[in-house]
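> Build me a model from this:
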Amino acid sequence: MKKILTVFFTIGLLFCFVGCGEKGPITPITKDFDYDIDSNWMNRVKQIVDWAYEEDMYVIMNIHHDNCAKDNFEKTIGFYPSEECKDESIKYITRVWEQVSETFKDYDEKLVFEVLNEPRLQKDDHEWNYVPTCATCKEAMNVLNEFNQAALDTIRASGGNNANRLVMIPSIAASPNNAFNGDFKMPEDSAENALALSVHMYTPYNFAMAAPGDIIFTNSHKNDLDWHFSELNKLYVSKGIPVVIGEMGATNKDNLKDREAWFDYFNNEARKYGMTACVWDNGSWDVSDGIYKEKYGYYNRNKQEWYFPTLMEKAIAASKNSSFTPQNRAQEIVYNMQFGWNLGNTLDATASSQNAGLSTETGWKQPKTTQAMIKGLKALGINTIRIPISWHNHISK
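Got it, this is the predicted structure:
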């Protein structure tokens, strides 16, 4: 998982002159790849989706960790949001979604596609700091708009239930602040009421992610959350577009009571507007070493129990206690998803070579996913599982 900085644009303006110079003529980068996904990997993904379906769970699946750094784009399989890399990136994105769509086109509306995860200017000075006045940033946003449209068109064209499947659309870095930017556009859709905005919210950053940052959850933090949820409602939910918070959580700082307050407040605010929130789980939870950085472990994948039961109980209870009334089909699907859990740090593992095989599932030192794990999540009250998937390790050159 990478850091998501949901900061105000005024802070980002401090960086507006970094890497924003004029560019010369652009020569598109092209590669001689077919981007065919290894059938064993596709079957493994399908197996896990089927396990979740057997438990009557909603499933979100995406393209995850396939965002290249620009200086390595010519040699690497994946995508990068720039004009120079655009055509080849679209070729990659659409080819992946052609194959995924064909495999899953007969699955019902409990399967949701999320076109990209945190698309961004990887390893650029503006990777996590989008600035509206920055030419590089604006170009990235415009190119991302094209990525999203191309992916959506590919999904819809595949037929079956994909013609009307709910599809999640991210802005740059999946930041809600970047979705508030007028440069970001939801794609045109042939289906009606079948799109959702995809955002990630480790908000407020100083409490939820910064280490050590803030340990106490304060009224100021509540105000920060209030503002973000209000803006999401004003710009999207009130206009019929539901919001899925595909990643959220508060790193363990040995501050359980304050994390309980955060989880309770965050999820009640989300459900006030009919949003679904999915907790990011990287398996790391123990702070006996005194290190608080990215300690987002919640579920013991071997014992099928929570490390911090009260955190998840508050989130799950909030997701089932909402007076929100969906206004259309898309909002109804998202509302019914309730609270979700991320199968992070397994199928999204990265490696230096392609066709790395199923061994990449343990690349983050997590156990391989089992049917017992999925059953355990359902028994604990989880209604949605988000499956982050890296495809580039399993694509033939």
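
> Not including adjacent chain positions, what is the nearest residue to Met61?
Distance criterion CB to CB, 6 or more residues apart in numbering; nearest residue to Met61, sequence neighbours excluded, is Ile387 at 4.7 Å. All C-beta atoms are positioned from the backbone trio N, CA, C, and that covers glycine.

> Please report phi then psi for that neighbour.
Per-residue torsions, Ile387: phi -110, psi 100 (degrees, to the nearest 10).

> show me what contacts it?
45, 48-49, 52, 59-62, 343, 347 (CB atoms under 8 Å, 6 or more residues apart in numbering).

> Among those, which lie within helices?
When DSSP state H defines the helices, the subset of the contacts of Ile387 inside them is 45, 48-49, 52.

> Could you single out the nearest of those to His126?
Val45 (32.1 Å; CB to CB).

> Now that the closest one has come up, it's in contact with Leu347, right?
Yes: Val45 lies in contact with Leu347 (CB atoms under 8 Å); the separation is 6.7 Å.

> Would you map the strands across the stretch 201-350 of the chain?
243-248, 276-279, 299-300, 305-306, 339-342 (DSSP state E, counting those that start in this stretch).

> Show me what the longest one is packed up against.
Pointing back at strand 243-248 there. strand 111-114, strand 195-201, strand 276-279, helix 329-337 (3 or more CB pairs under 8 Å, 6 or more residues apart in numbering; DSSP states H and E).

> re the thing from before, CSV for the strands of the stretch 201-350 of the chain, including distance to Ala151, mean pLDDT and mean neighbour count?
Shown next, in CSV, are those (distance: least, CB to CB, whole Å; pLDDT from 0 to 100; neighbours: other CB atoms under 10 Å):
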stretch, distance to Ala151, mean pLDDT, mean neighbour count
strand 243-248, 15, 98, 27
strand 276-279, 20, 98, 26
strand 299-300, 30, 97, 19
strand 305-306, 34, 98, 15
strand 339-342, 21, 97, 25
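
> In CSV: those strands, plus distance to Tyr130.
Output for the strands of the stretch 201-350 of the chain, formatted as CSV (distance: least, CB to CB, whole Å):
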stretch, distance to Tyr130
strand 243-248, 17
strand 276-279, 22
strand 299-300, 32
strand 305-306, 35
strand 339-342, 23
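
> of all these, which lies closest to Val96?
Val96 lies closest, by CB to CB, to one member of those: strand 243-248, at 17.9 Å.

> Run through who's touching that closest one.
By CB under 8 Å, 6+ apart, strand 243-248 touches 1, 4, 60, 112, 114, 117, 168, 174, 196-203, 208, 232, 236-237, 266, 270, 273, 275-280, 334, 337, 342, 386.

> how about 6 Å then?
Strand 243-248 is contacted from outside by 168, 196-201, 232, 236, 275-278, 280, 334, 386, using CB atoms under 6 Å, 6 or more residues apart in numbering.

> for stretch 336-356, the distance to its chain's centre please.
10 Å (CA atoms, centre = their mean, to the nearest Å).

> Next: stretch 378-393.
Worked out by CA atoms, centre = their mean, stretch 378-393 lies 11 Å from the chain centre.

> can you pull out the helices in the stretch 101-250 of the chain?
135-157, 176-179, 205-208, 219-235 (DSSP state H, counting those that start in this stretch).

> could you list every residue that touches Glu109?
Here Glu109 is in contact with Ile333 (criterion: CB under 6 Å, 6+ apart).

> if you set the cut-off to 10 Å instead, what comes out?
By CB atoms under 10 Å, 6 or more residues apart in numbering, the contact set of Glu109 is 58, 161, 164-166, 194, 329-330, 332-333, 336.

> quick one: which two of the contacts of Ile387 are the most distant?
Ala52 and Asn62 (14.5 Å).

> Give the buried residues for stretch 28-47.
Of all the residues in stretch 28-47, those buried under the rule 16 or more other CB atoms under 10 Å are 29, 35, 37-38, 41-42, 44-45.

> Could you do stretch 46-65 as well?
Buried-residue list, stretch 46-65, by 16+ other CB under 10 Å: 48-49, 51-53, 55, 57-65.

> right, and the pair among those with maximum separation?
Farthest pair in those, by CB to CB: Glu55 and His65, 25.7 Å.

> tell me which of the contacts of Glu109 is nearest to Ala318?
Asn336 (15.0 Å).

> What's the per-residue pLDDT of the closest one here?
Per-residue pLDDT puts Asn336 at 97.

> now it, nearest residue through space, not along the chain?
Tyr58 (7.4 Å).

> in this structure, what secondary structure element scores lowest on mean pLDDT?
Taking mean pLDDT, DSSP states H and E as the measure, the helix or strand of the chain with the lowest value is helix 9-12, at a mean of 39.

> Helix or strand next in line after that helix, which one?
Next in sequence after helix 9-12, counting helices and strands by DSSP states H and E, comes strand 36-37.

> between the helices of the stretch 101-250 of the chain, which gets nearest to Ile291?
That would be helix 205-208 among the helices of the stretch 101-250 of the chain, by CB to CB, at 16.2 Å.

> just checking, what packs against that closest one?
Packing partners of helix 205-208 (3 or more CB pairs under 10 Å, 6 or more residues apart in numbering; DSSP states H and E): helix 219-235, helix 256-272.

> Make CSV from those and add distance to Thr136, mean neighbour count and mean pLDDT to it.
Below are those laid out as CSV (distance: least, CB to CB, whole Å; neighbours: other CB atoms under 10 Å; pLDDT from 0 to 100):
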stretch, distance to Thr136, mean neighbour count, mean pLDDT
helix 219-235, 24, 16, 98
helix 256-272, 32, 20, 97
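
> so who does Asn383 touch?
Neighbouring residues of Asn383 by CB under 10 Å, 6+ apart: 55-58, 110, 276, 316, 319-320, 336-341, 377.

> Check Ile382 too.
Ile382 neighbours (CB under 10 Å, 6+ apart): 52, 55, 57-58, 278-279, 299, 312, 315-316, 319, 338-341, 374, 376.
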